[in-house]
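Novice: here are the coordinates; sequence isn't available:
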């Protein structure tokens, strides 16, 4: 297992280089440039040339490419073209912990609701419990965040006045460990509505996949054999069926984790959260090349790590899987 993990980490280096290379040239292939517009008006040509000279955008592409990777190896992701007072390192440092917290809470909520709902539906196949669970799961998948978020704001924030409708409760003026949510009433009050908005769709997807996977597993021959031997149903489900049924669920958790912890643009926009998702999307519109590169590489790193963890969990869920 150790050799496998080391080999995967070494393979991550050319993968990240390939992602960075493709992103670098695709970003610059987009029409327009980072200084074409400033607000609602165009900048004078002389100002644009001075800005391009300042950020070395007048260099040949191959020279810009080599300079970017040289700075990246030294830990410098470059300046932001639009947020002039911030570097890409500053943007990620300030916004990623917020998106990480929102994503992790939403993912935990999705697992806490989706796994039990899927298991109950599968074990009570073709009963009212199954139909009810399936209906709620389809409803959760069908309602987009852009509809659910404003509805929750209107109900719990405007009408009932129970919860705040915007911002995030954590204070990141100082970046401490940052990834652990501060257990304060302010934090949780701000976190409830966006977590439910983002986590509901996750729980619905997880519930549907868990139900379908568990239904397939409990019809396998080894499950019938275990029942024929007189094992208790609880032991059969928890000890034999559930582990194998979780393999497809764990498979989707890798990319799902990387997606939610880098921020959901829609949810962050609805609740006014200063997360990474907003910068991830707006950097493309603004042609902010360093931010595009930084967020893309961060997403790639998280995706590689998440998929590696998923592969390790495979071996724990199914003892037949060996990594040599």
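Specialist: Now that the structure is in, tell me what you want to look at. Fair warning: this is a prediction, and the values are worked out from it, not measured in the lab. Numbering: from 1, shown residues only.

Novice: can we go C-alpha only for contacts and neighbour counts from here?
Specialist: OK.

Novice: phi first, then psi, for residue 79.
Specialist: In terms of degrees, to the nearest 10, the main-chain angles of residue 79 are phi -80, psi 160.

Novice: quick check, pLDDT for it.
Specialist: For residue 79, the model assigns a pLDDT of 88.

Novice: now the helices: where do they sit in the stretch 1-150 of the chain?
Specialist: Using DSSP state H, counting those that start in this stretch, the helices of the stretch 1-150 of the chain run over 2-29, 45-54, 61-73, 88-123, 128-142, 145-152.

Novice: of the ones you listed, flag the one that's most buried.
Specialist: helix 88-123 (a mean of 22; mean count of other C-alpha atoms under 10 Å).

Novice: returning to what we had before: which among the helices of the stretch 1-150 of the chain is found nearest to residue 283?
Specialist: Closest to residue 283 of the helices of the stretch 1-150 of the chain, according to C-alpha to C-alpha: helix 2-29, at 9.9 Å.

Novice: tell me the angle of that closest one relative to helix 61-73?
Specialist: Here helix 2-29 points in a direction 140 degrees away from that of helix 61-73 (axes from the mean of the first three to the mean of the last three C-alpha atoms, to 10 degrees).

Novice: quick one, grab the pLDDT at residue 183.
Specialist: 57.

Novice: follow-up on the earlier one: nearest to residue 35, out of the helices of the stretch 1-150 of the chain?
Specialist: Closest approach to residue 35 among the helices of the stretch 1-150 of the chain is made by helix 45-54 (6.0 Å; C-alpha to C-alpha).

Novice: tell me how far that closest one lies from the chain's centre.
Specialist: 36 Å (C-alpha atoms, centre = their mean, to the nearest Å).

Novice: same question for stretch 146-155.
Specialist: 21 Å.

Novice: cool, stretch 231-243 as well?
Specialist: Distance, centroid of stretch 231-243 to centroid of chain: 32 Å (C-alpha atoms, centre = their mean).

Novice: do the same with stretch 206-221
Specialist: 25 Å.

Novice: same question for stretch 289-301.
Specialist: Using C-alpha atoms, centre = their mean, the offset of stretch 289-301 from its chain centre is 14 Å.

Novice: just the residues contacting that stretch, thanks.
Specialist: 16, 19-20, 23-24, 27-28, 34, 77-81, 88, 92, 258-259, 262, 279-280, 283-284 (C-alpha atoms under 8 Å, 6 or more residues apart in numbering).

Novice: quick revisit: mind putting the helices of the stretch 1-150 of the chain into JSON lines with distance to residue 317 and mean pLDDT?
Specialist: Shown next, in JSON lines, are these (distance: least, C-alpha to C-alpha, whole Å; pLDDT from 0 to 100):
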{"stretch": "helix 2-29", "distance to residue 317": "17", "mean pLDDT": "88"}
{"stretch": "helix 45-54", "distance to residue 317": "53", "mean pLDDT": "81"}
{"stretch": "helix 61-73", "distance to residue 317": "37", "mean pLDDT": "91"}
{"stretch": "helix 88-123", "distance to residue 317": "15", "mean pLDDT": "88"}
{"stretch": "helix 128-142", "distance to residue 317": "25", "mean pLDDT": "83"}
{"stretch": "helix 145-152", "distance to residue 317": "32", "mean pLDDT": "88"}
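
Novice: for residue 315, find the nearest of those.
Specialist: helix 2-29 (11.9 Å).

Novice: which elements pack onto that closest one?
Specialist: Using 3 or more C-alpha pairs under 8 Å, 6 or more residues apart in numbering; DSSP states H and E, the elements in contact with helix 2-29 are helix 289-317.

Novice: list the buried residues in the helix it packs on.
Specialist: For helix 289-317, a neighbour-count test (16 or more other C-alpha atoms under 10 Å) marks 289-312, 314, 317 as buried.

Novice: what's the angle from that helix to helix 2-29?
Specialist: Counting by the same axes, to 10 degrees, helix 289-317 lies at 150 degrees to helix 2-29.

Novice: can you give the distance from helix 289-317 to the centre of its chain?
Specialist: 10 Å.
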